[in-house]
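# A structural model of the following input is requested.
(2 chains)
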Amino acid sequence: MNVVEVSQVNKSFKGIKVVDSVSFNTGQGEIFGMVGPNGAGKTTTIRMLMDIIKPDSGEIKILGQPINEAVKNRIGYLPEERGLYRKLTVSESLSYLSALKNMKRRLAMEREEELLKRVNMLPHKNKKIEELSHGMGQLIQFVATILHDPELVVFDEPFAALDPVNTQLLKELILELKSQGKSVILSTHMMNQVEELCDRILMINKGQAVLYGSLAEIKSRYKNNSVFIECDCLPETIPGVAGIKNHQKYVELFLDGRTSPQEVLSTLVSSGVKVDRFELSTPSLNEVFIQVVKEG
Amino acid sequence: MSKTFIILKHEFRQTFKSRSFIIITLALPLLAILGLGIYQGVHHWYHPAAPQEEKIGYVDQTGMFGNYTSQPGVLFILYPGEQQAKDALLAKDIKEYFVIPTDYLSSGLITRYTTSREPTPSAKTTEQITDFLVSNLLAGNVSPQVLDRVKTPMLLASIRLNESGEIVPGQDVVSSYVVPIVFALLFMVSIFFASGFLFQSVTEEKENRVIEILLSSASSRQLLVGKVLGLGVAGLIQVAVWLITLIVFSQVAKSIIPALSDLSIPASLIGWGLLYFVLGYLLFAALYAGVGSIGASAREGQGWSTIFVLPAILPYYFSYFIISSPESAASKALTFFPLTSPITSMMRLASHAIPAWEIALSLIILAGSIALTMWFAAKIFRVFLLMYGKRPALREIIRYVRES
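Numbering: from 1, shown residues only, chains lettered A, B, ... in the order given. Purely as a prediction, here's the structure:
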């Protein structure tokens, strides 16, 4: 079953199309990346998913139904720009937000204890939010997002302004959610995070979906048909190689399109070259994005 | 548990715990205790000297005024000539003296001499001298009873009748003036506080974006209704504390301050006061929530709120007019206009000058406006809570509300 089904959704602000006929689905146990530059329409799309703003047209189904009160209880949402009630304690904030998700008080307290321990924030449980550092506040927000054990978790730019230690912690927690069978939507403009975490992606530019599918499939679609090689010495000419580019530490061989990388490798090995590294070049998501935008 | 109720509970708890709420709520009881304490202290430590009989000298050139020289609180002392009287005055034997000239009967002229600075002779002195003169003038001509009636021709008692000839009860000052004014003052303090609190709550959620988490958990209507009712419950507790204070204070004050011994506040007036207070409070809370979501910051929201506060305090400025002519068209209009209706209705209720249908109509209008304002505010709330840092034009507000 699809956890999120978005079809042909449009939204304009003051006559400007911010989201233009966007469609996508996400499934269970999947980390779905929404990527694109700032202002591409990612946050607007997410706000429509969360029923914070209504689409002008199109249909959105979450967990098989149009969004309603019951469905809201099964969603966790971490907004892009964050904050909590500054005067409340960590514990009070978490109690209130989980109660709003219809979570039983006792169960909420158990989960709170467990999750705070997981992010090393248990000693700060009774501190006011305003007494915490920025990074600590973000961890508490993360706990608030998943405290009610949601089936769908939506993170809007979760890594913004996180230090490397907490970034790593957050990545681990997101992967844990995946392993528990949750559906995760991760919106970010940081392509490297997406490459590391996501199974499938939707790439948005200027409100339009420009790429949609599994990350591996997209990358192979945009590969350069070249290989990277590190070796002791390279013959002047290699059959099937149309061009050579020297990258200092390694060399990129551009294949002629008729020869497979395996054939090139066996040619090299049989001619006595000692190969340290032989790797198919796959473009980074960033390069794919730039290429897509140029083509579009 | 419904989400509205969870929000209500949260908002109530936050309000109830806040320092400003506690200070404002307890200010009245503390002031009352302080006031009674000061009264008791003054009463205990300061014993005013028993009023001594005053002495007023006079020179009688007609020979008609020799009797009744002892009137209540004053002793009249006859001097044979003006010089002796003047000497006695300067020696402070007497407070003042007056001269009755030979042509007094035809001219009525009395010349009074005093060393104290006074713009006009005091009413008490005038009455004392008048009584002394009247007593002597009528001496022997009329019975003592007639003499008393000449001095005090009437003790006035006024009774008001309604259209069907029944007596309209008590026109006493406390319930017709003091109660509505106290009600108006407390109501204004309370809604000013509520406005501040709602603005703070709405703008904080807007500024730190908690609002997005809230809206992904509950609807904007639940959020608004929960907030307004939560604050309403806090308001109810506040007014209950004040009411108990006033009842206890009036009972205590009655027993220790003789001047207030016949103080009484009719129970029905208290009941109406509570009803109007709560309804008015809810109306203003809903208005403030809507306005608070439009303003970008708490300070800006406060500026907008002035628009609603002005009509709210209008009846207070016109209190004299409303209390003295409660059945004029203007008083009626203020009774029905929802923002001015709580204070105006209380003023008219206190002076028993409001027909039952007008009370009913004003309550219906008030309740209807609360529902309408909440509905409208919930729409505004949803649209503008997400517009950060931008202040919309009125045209935009109308367009967005229509669209949402």
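# chain B against chain A: which residues are in contact?
B:1, B:3, B:6-7, B:10, B:14, B:204-205, B:207-210, B:212-219, B:386, B:404 (C-beta under 8 Å from any C-beta of the partner chain). In this view, the C-beta of every residue, glycine as well, is placed from N, C-alpha and C.
# redo that, cut-off 7 Å
Residues of chain B lying close to chain A (C-beta under 7 Å from any C-beta of the partner chain) are B:3, B:6, B:10, B:204, B:208-210, B:212-218, B:386.
# next, the contact list for the closest residue to chain A within chain B, please.
Relative to chain A, the nearest point of chain B is B:N208 (2.6 Å; C-beta to the nearest C-beta). Shown in contact with B:N208 (C-beta atoms under 7 Å, 6 or more residues apart in numbering or on different chains): A:G83, A:L84.
# repeat that with 10 Å
A:E81, A:R82, A:G83, A:L84, A:Y85, A:R86, A:I129, A:G137 (C-beta atoms under 10 Å, 6 or more residues apart in numbering or on different chains).
# and for A:L175?
A:L175 neighbours (C-beta under 10 Å, 6+ apart): A:I31, A:V184, A:E196, A:L197.
# hmm, back to that, of the contacts of B:N208, buried ones?
With burial judged by 16 or more other C-beta atoms under 10 Å in any protein chain shown, the buried subset of the contacts of B:N208 is A:R82, A:G83, A:L84, A:Y85, A:R86, A:I129, A:G137.
# list the buried ones in stretch A:242-261?
For stretch A:242-261, by 16+ other C-beta under 10 Å, it's A:Y250, A:E252, A:L253, A:L255, A:P261.
# take those and keep only those in helices.
A:P261 (DSSP state H).
# tell me which two of the contacts of A:L175 sit farthest apart.
Greatest spacing in these, by C-beta to C-beta: A:V184 and A:E196 (13.2 Å).
# what do those two both touch?
Common neighbours of A:V184 and A:E196 (C-beta under 10 Å, 6+ apart) are A:I31, A:G33, A:L175.
# assign the second one to helix, strand or coil.
Recorded secondary structure, A:G33: strand (DSSP: H, G, I helix; E, B strand; the rest coil).
# show me chain A divided up by domain.
Recorded structural domains for chain A (assignment: automatic domain parsing) are A:2-220, A:225-280.
# just how off-centre is the longest one within its chain?
If I follow you right, that is domain A:2-220. The chain centre lies 10 Å from the centre of domain A:2-220; the measure is C-alpha atoms, centre = their mean, to the nearest Å.
# can you give me the first-to-last residue distance of that domain?
One end of domain A:2-220 sits 25 Å from the other (C-alpha to C-alpha, to the nearest Å).
# give me the mean pLDDT for that domain.
The average pLDDT for domain A:2-220 rounds to 89.
# stretch B:327-347 - what's its average pLDDT?
85.
# just the CA coordinates of whichever strand or helix holds B:E11, formatted as CSV?
Element membership for B:E11 (DSSP states H and E) is helix B:3-17. Coordinates of each C-alpha in helix B:3-17 appear next as CSV, following Å, rounded to 0.1, in the frame of the first residue of the first chain:
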residue,chain,number,x,y,z
LYS,B,3,-8.3,17.9,20.8
THR,B,4,-10.2,21.1,21.5
PHE,B,5,-10.2,20.1,25.1
ILE,B,6,-6.5,19.2,25.2
ILE,B,7,-5.7,22.6,23.7
LEU,B,8,-8.2,24.2,26.2
LYS,B,9,-6.4,22.5,29.1
HIS,B,10,-3.0,23.5,27.9
GLU,B,11,-3.9,27.1,27.3
PHE,B,12,-5.7,27.3,30.6
ARG,B,13,-2.7,25.9,32.5
GLN,B,14,-0.3,28.2,30.8
THR,B,15,-2.5,31.2,31.6
PHE,B,16,-3.1,30.1,35.1
LYS,B,17,0.6,29.7,35.8
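# could you list every helix and strand in contact with the helix or strand following it?
Where DSSP H and E defines the elements, the next helix or strand beyond helix B:3-17 is helix B:19-45. Packing partners of helix B:19-45 (3 or more C-beta pairs under 10 Å, 6 or more residues apart in numbering or on different chains; DSSP states H and E): helix B:3-17, helix B:179-207, helix B:220-256.
# apart from its neighbours in sequence, what residue is nearest the residue in the stretch 51-200 of chain A positioned nearest to chain B?
Of all residues in the stretch 51-200 of chain A, A:G83 sits closest to chain B, at 2.6 Å by C-beta to the nearest C-beta. Spatial nearest neighbour of A:G83, chain neighbours left out: B:N208 (2.6 Å); criterion: C-beta to C-beta, 6 or more residues apart in numbering or on different chains.
# just the ones of the buried residues of stretch A:242-261 in strands?
Judged by DSSP state E, the buried residues of stretch A:242-261 include A:Y250, A:E252, A:L253, A:L255 as members of strands.
# quick revisit: among the contacts of B:N208, which are located in strands?
Per DSSP E, the contacts of B:N208 never map to strands.
# in helices, which of those residues fall?
Reading helices off the contacts of B:N208 with DSSP H, I get A:G137.
# tell me the one among the contacts of B:N208 nearest to B:T373.
Nearest member of the contacts of B:N208 to B:T373, counting by C-beta to C-beta, is A:Y85, at 25.7 Å.
# contacts only, for the closest residue to the closest one other than its chain neighbours.
Nearest residue to A:Y85, sequence neighbours excluded (C-beta to C-beta, 6+ apart): A:S93, at 5.8 Å. When contacts are counted by C-beta under 10 Å, 6+ apart, A:S93 touches A:L84, A:Y85, A:R86, A:K87, A:K128, A:I129, A:G137, A:I140, A:Q141, A:V143, A:A144, B:V210.
# in TSV, list the residues you listed along with distance to B:I244.
Listed next are the contacts of A:S93 as TSV, based on distance: C-beta to C-beta, whole Å:
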residue	distance to B:I244
A:L84	37
A:Y85	32
A:R86	34
A:K87	29
A:K128	33
A:I129	36
A:G137	42
A:I140	41
A:Q141	43
A:V143	43
A:A144	40
B:V210	36
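# which one of the residues you listed is nearest to B:S255?
Among the contacts of A:S93, and counting by C-beta to C-beta, the member closest to B:S255 is A:K87, at 43.7 Å.
# which strands or helices does the helix holding B:E11 pack on?
By 3+ C-beta pairs under 10 Å, 6+ apart, helix B:3-17 packs against helix A:90-99, helix B:19-45, helix B:179-207, helix B:220-256.
# what mean pLDDT does it get?
90.
# in that helix, what's buried?
Neighbour counts using 16+ other C-beta under 10 Å place B:K3, B:T4, B:I6, B:I7, B:L8, B:K9, B:H10, B:E11, B:F12, B:Q14, B:T15 of helix B:3-17 among the buried residues.
# okay, the residues you listed in TSV with distance to A:V19 next?
Listed next are these as TSV, based on distance: C-beta to C-beta, whole Å:
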residue	distance to A:V19
B:K3	28
B:T4	31
B:I6	32
B:I7	30
B:L8	35
B:K9	36
B:H10	33
B:E11	33
B:F12	38
B:Q14	36
B:T15	39
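# determine which two of the residues you listed are furthest apart.
With C-beta to C-beta as the measure, no two of the buried residues of helix B:3-17 lie farther apart than B:K3 and B:T15, at 18.4 Å.
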